[in-house]
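> Make a model of this:
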Amino acid sequence: MISTPFNKDVTGEAVLEFGDSDFMILKPGSYVRCAVSDEEIPLQDLRYWSAEFQEAYKDGYMSARRWKESREEPGR
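From the prediction side, this is the model:
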């Protein structure tokens, strides 16, 4: 039997460990939350994340927004 990485029978929020070009599923689930918008991201749609911050992002805009915020000086 061939298993797929995103089992349709698994529900709830997944816990992932993010690498530079991939991620490892630590706790199975069907989605993760965007670190910026708190929206659910189905695992099969996850394309943006930060290995540095161990966060997932809904899209490129959210990823760029978080990157920019992380590099701003406090008080600006």
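
> May I have whichever helix or strand Ile25 is part of as PDB, with CA atoms only?
Taking DSSP states H and E as the definition, Ile25 sits inside strand 23-27. C-alpha atoms of strand 23-27 as PDB (Å, rounded to 0.1, in the frame of the first residue of the first chain):
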ATOM      1  CA  PHE A  23       9.100  20.300   6.600                       C
ATOM      2  CA  MET A  24       8.600  17.300   8.800                       C
ATOM      3  CA  ILE A  25       5.300  16.400  10.400                       C
ATOM      4  CA  LEU A  26       5.700  16.000  14.100                       C
ATOM      5  CA  LYS A  27       2.000  15.700  14.900                       C
END
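
> What is it packed up against?
strand 15-18 (3 or more CB pairs under 8 Å, 6 or more residues apart in numbering; DSSP states H and E). In short, each C-beta sits where N, CA and C put it, glycine included.

> How far off centre is the strand it packs on?
8 Å (CA atoms, centre = their mean, to the nearest Å).

> same deal with stretch 33-51?
That offset, for stretch 33-51, works out to 4 Å (CA atoms, centre = their mean).

> Which is the succeeding secondary structure element to the strand holding Ile25?
strand 31-33.

> Rounded mean pLDDT for that next one, please.
Averaged across strand 31-33, pLDDT comes to 98.

> neighbouring contacts of it?
Contacts with strand 31-33, where a contact means CB atoms under 8 Å, 6 or more residues apart in numbering, come from 12-14, 16, 39-43, 46, 56.
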